[in-house]
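Colleague: What would the 3D arrangement of this be:
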Amino acid sequence: LWFDAYRLRGQMNSVALSDAVDLRETPVFGDAGQRRIAGLRDVVCDMEGYWDSATDLALFDKIGVADVPITIAPEGAAEGARAFLFRCMAGEYTPGAGIGEPFAFSLNAQGSSGERLVRGTIMHNAVRTASGNGTGRQLGTVASGQKLYAALHVLAVSGTNPSMVVKIQSDDASGFASAADQITFAAATAIGSKWGTVAGPVTDDWWRVNFAISGTTPSFEFVVVLGIV
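Modeller: Model (predicted):
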């Protein structure tokens, strides 16, 4: 579970993700049963865990902040694994415990960007000290009416004047001989998170993460997740 620039893993013990559609009733004269149409989608994430100072730092200052990227990876953090991503607003953070119980917390986060929940793939999860490319994966094309969504979580940064520009590139073949830049995130110089989209149609079906790193002894730990909806 990545929330903004923080990995919430060892202290968590419960995550529930809900992707729902508002069903609106539309009966007309003569109907013998109810009619319904699909309204807006809504995504809600409820999580629980045991309090520590790092978790508190990650969550306390984000209450009421709109469009914070969050990624839930039920299969683990390995590259190529399935993940779900969306932009949220954390509306309720509740730390507490009874006598003799471990100090715990709960958090409720809900979609805030007007976008739906995205089912995606972990494209990068590693520490990098030099420029390069991640593994290319054949995620498919982006049809007209669809979008490619990308979440970038920068978890750790060190060095003197470190800077990293992350791009999402596409190509029509696995060798990326004619790689096209589809999303370019603003330069990262500290921990944080970023979100990017590109609208279809994109006829390329291969995708990868490109990163340009500069500075003196720079080091970046970061996660990139992509999804097409």
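Colleague: Can I take it that L59 is in a helix?
Modeller: Yes: the assignment for L59 by DSSP: H, G, I helix; E, B strand; the rest coil puts it in a helix.
Colleague: Local confidence estimate at it?
Modeller: L59 carries a pLDDT value of 90.
Colleague: for F211, same thing?
Modeller: If you check F211, the pLDDT there is 98.
Colleague: List the contacts of the nearest residue to it once chain neighbours are set aside.
Modeller: In this structure, F211 finds its nearest non-sequential neighbour in V166, 5.1 Å apart by C-beta to C-beta, 6 or more residues apart in numbering. C-beta coordinates here come from the backbone N, C-alpha and C atoms, glycine included. By C-beta atoms under 8 Å, 6 or more residues apart in numbering, the contact list for V166 reads L152, T184, F185, A188, K194, V209, N210, F211, F222, V224.
Colleague: rerun at 10 Å
Modeller: The neighbours of V166, taking C-beta atoms under 10 Å, 6 or more residues apart in numbering as the test, are 124, 128, 134, 150, 152, 154, 183-188, 194, 196, 209-213, 220, 222, 224.
Colleague: Can I have the buried ones of these as a PyMOL selection?
Modeller: Burial among the contacts of V166 is assessed by 16 or more other C-beta atoms under 10 Å; the matching PyMOL selection reads:
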select buried, resi 124+128+134+150+152+154+183+185+188+194+196+209+210+211+213+220+222+224
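Colleague: Beta-bridge partners for the nearest residue to F60 once chain neighbours are set aside, please?
Modeller: Counting by C-beta to C-beta, 6+ apart, F60 lies nearest to Y93, which is 6.5 Å off, once chain neighbours are set aside. Beta-bridge partners recorded for Y93 (DSSP bridges): L107.
Colleague: Y93 against G49, yeah?
Modeller: No: applying C-beta atoms under 10 Å as the test, Y93 and G49 come out as separate, 11.4 Å apart.
Colleague: anything in contact with each of these two?
Modeller: Counting by C-beta under 10 Å, 6+ apart, the common neighbours of Y93 and G49 are T55, L59, F105, S106, L107.
Colleague: among those, who's most crowded?
Modeller: L107 (25 neighbours; other C-beta atoms under 10 Å).
Colleague: how about the strands in the chain?
Modeller: For the chain, the strands defined by DSSP state E cover 2-3, 6-7, 12-25, 36-50, 68-72, 82-96, 104-111, 118-128, 132-133, 137-138, 147-171, 180-184, 192-199, 206-228.
Colleague: ok, the closest residue in space to S14 that isn't next to it in sequence - how many residues close by?
Modeller: Sequence neighbours aside, E48 is the residue nearest to S14 in space, at 4.1 Å (criterion: C-beta to C-beta, 6+ apart). Residues lying near E48 (other C-beta under 10 Å) number 15.
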